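J.: sequence? don't have it. structure:
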């Protein structure tokens, strides 16, 4: 228990550092867009929604078209989807196709989360394809929406499931910048986030080592080798 107590203190400090990194990532995005010219989401972006084929029609499912839902929106890039639909399923639903490099935004269940898709995929009704009205890059669009993720949550409503409607989403303030300035902003963000990513990797490794150490302590204790 003496050794476990010391180990637990170390684990607690590592988990605190993990939380601080989350705060740091948000502050990096806030800093990168601070002092820049602002406009509204509605003036810079349009949105295309999706839909779900009928679950009763088995022929609509397990086809060759990737079909993204909230559970697929993890990390920075979408490379695969858990579900697929058929051509018939796509035609008989209100789903739409996101092309490679499109940014996909969640508007329901986990509103505000975004991802850049590396694949051509259909989407369900909880997602929106972000369509910029200006010359830009997918990374800049991605970071713009990452920077307003908390505002999306604040503007969301719902008793059982949170969601943000398009009128509230379009009122949110975002940065307006020319392509050259956009690229500078992306470079500045990524240089700082890469440092945070390396620290995150180190923390994860340390947490894994702590678990191995815990098992080692128990093994030695019951083999009579601890004292």
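T.: That came in fine, so what should we check first? If you're wondering where the values come from, they're calculated on a predicted model, not measured in any experiment.
J.: give me the element residue 130 is part of.
T.: strand 127-132 (DSSP states H and E).
J.: figure out how far the helix or strand that that strand is followed by is from the centre of its chain.
T.: Using DSSP H and E, the next helix or strand after strand 127-132 towards the C-terminus is helix 138-147. In terms of C-alpha atoms, centre = their mean, to the nearest Å, the centre of helix 138-147 is set 11 Å apart from its chain centre.
J.: tell me the angle of helix 138-147 relative to strand 127-132?
T.: 120 degrees (axes from the mean of the first three to the mean of the last three C-alpha atoms, to 10 degrees).
J.: ok, residues contacting helix 138-147?
T.: 29-30, 32-33, 45, 76, 101-103, 105, 112, 114-116, 130, 132, 152, 174-175, 177, 182-183, 185-186, 189-190 (C-beta atoms under 8 Å, 6 or more residues apart in numbering). All C-beta atoms are positioned from the backbone trio N, CA, C, and that covers glycine.
J.: next: stretch 117-129.
T.: Residues contacting stretch 117-129 (C-beta under 8 Å, 6+ apart): 47-52, 65-70, 73, 77-81, 85, 90, 94-109, 163, 166.
J.: what subset of those residues is buried?
T.: Burial by neighbour count, 16 or more other C-beta atoms under 10 Å: within the contacts of stretch 117-129 this picks out 47, 49-50, 52, 65-70, 73, 78, 81, 85, 90, 95-96, 98, 102-109, 163.
J.: coming back round to it: just the mean pLDDT for the strand holding residue 130, thanks.
T.: Strand 127-132 shows a mean pLDDT of 98.
J.: element containing residue 122?
T.: Going by DSSP H and E, residue 122 is in strand 121-123.
J.: sheet partners, orientation included, of that strand?
T.: Strand pairing for strand 121-123, determined by DSSP bridges: strand 61-68 (parallel), strand 97-98 (antiparallel).
J.: which one of those strands lies nearest to residue 213?
T.: strand 61-68 (40.0 Å; C-beta to C-beta).
J.: what bits of this protein have low per-residue confidence?
T.: Counting by pLDDT under 70, the low-confidence segments of the chain come to 226-227.
J.: where do the helices of it begin and end?
T.: 2-33, 41-44, 87-91, 138-147, 149-154, 166-171, 179-222 (DSSP state H).
J.: with distance to residue 56 added, can I get those in CSV?
T.: Listed next are these as CSV, based on distance: least, C-beta to C-beta, whole Å:
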stretch, distance to residue 56
helix 2-33, 42
helix 41-44, 36
helix 87-91, 11
helix 138-147, 35
helix 149-154, 33
helix 166-171, 29
helix 179-222, 43
